[in-house]
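Colleague: Next comes the sequence, and after it the predicted model I'd like to discuss.
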Amino acid sequence: MDFFDKQELARKRTRWLVIYFFLAVVGIILALHAAFCMALGQRWNDLPLLGITAVGVVVAVLIGSLVKIAELSQGGKVVAKMLGGTLVEPGSADSEERRLLNVVEEMARRRPSTPSRRALGQAMRWSGSRAVAFANSRVTNSKA
């Protein structure tokens with residue numbers, strides 16, 4: 001299974017992540033409701049308290065989600081910088097950076113729509129990192 005097959009499988013599994021997220025929110029609502037009932041000496045079937053708890057949790061989750069969506073929607077460059085990425089120039093003399101660019105170029109050739117040379121030149125690498133380790137393993141495995 002290559003990278004793109006794994007990527008497609010990950011997209012299919014996204015549905016389960018959404019279900020797990022929904023269940024987690026419900027679990028948080030129920031746990032907070034139980035805590036509030038014990039703290040306030042209320043019965044478990046206090047529906048107004050459950051409603052207030054549910055609204056509070058949903059609002060908090062929505063605000064947090066919207067903030068994160070706004071951050072991530074700024075593009076891959078911002079996401080890479082959030083993860084500690086640095087810009088890799090196409091003419092880099094660093095062997096690890098050159099190896100990373102070679103891996104990115106090889107992946108781009110295998111993709112149905114090849115990105116522009118400028119996009120490849122702006123490849124990001126994670127400092128100390130998985131991306132360099134990934135590039136090292138890909139080059140090593142391709143030679144074997």
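Modeller: Looks like it came in fine. Keep in mind that what you see is a predicted model, and the values were worked out from it rather than measured.
Colleague: What are the boundaries of the helices in the protein?
Modeller: Per DSSP state H, the chain carries helices over the ranges 3-40, 47-72, 76-82, 95-110, 117-121, 130-143.
Colleague: so which of these is the most packed in?
Modeller: helix 95-110 (a mean of 16; mean count of other C-beta atoms under 10 Å). The C-beta positions use only the backbone N, C-alpha and C, and glycine is treated the same way.
Colleague: about what we covered before: do you know which of the helices of the chain lies nearest residue 89?
Modeller: helix 117-121 (6.7 Å; C-beta to C-beta).
Colleague: What distance do you get for residue 21 to residue 61?
Modeller: Per C-beta to C-beta, to the nearest Å, residue 21 is found 9 Å from residue 61.
Colleague: Using the centroid of this structure, identify the residue furthest from it.
Modeller: Seen from the C-alpha centroid of the chain, the residue lying at the greatest distance (C-alpha atoms, centre = their mean) is residue 41, 40.9 Å away.
Colleague: ok, back up a step: and the helices of the chain as TSV, adding mean pLDDT?
Modeller: Below are those laid out as TSV (pLDDT from 0 to 100):
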stretch	mean pLDDT
helix 3-40	92
helix 47-72	95
helix 76-82	83
helix 95-110	84
helix 117-121	47
helix 130-143	44
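Colleague: got these as TSV, with distance to residue 89 columns?
Modeller: Below are these laid out as TSV (distance: least, C-beta to C-beta, whole Å):
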stretch	distance to residue 89
helix 3-40	24
helix 47-72	25
helix 76-82	14
helix 95-110	8
helix 117-121	7
helix 130-143	15
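Colleague: of all the ones you listed, which lies closest to residue 88?
Modeller: Per C-beta to C-beta, nearest to residue 88 of those: helix 95-110, 4.7 Å.
Colleague: Which strands or helices does that closest one pack on?
Modeller: Under the contact criterion of 3 or more C-beta pairs under 8 Å, 6 or more residues apart in numbering; DSSP states H and E, helix 95-110 touches helix 3-40, helix 117-121, strand 124-126, helix 130-143.
Colleague: relative to helix 3-40, how tilted is that helix?
Modeller: 100 degrees (axes from the mean of the first three to the mean of the last three C-alpha atoms, to 10 degrees).
Colleague: What confidence value was assigned to the residue lying closest to residue 9 once chain neighbours are set aside?
Modeller: Counting by C-beta to C-beta, 6 or more residues apart in numbering, the nearest residue to residue 9 once its immediate chain neighbours are dropped is residue 1, at 7.8 Å. Confidence at residue 1, expressed as pLDDT, is 72.
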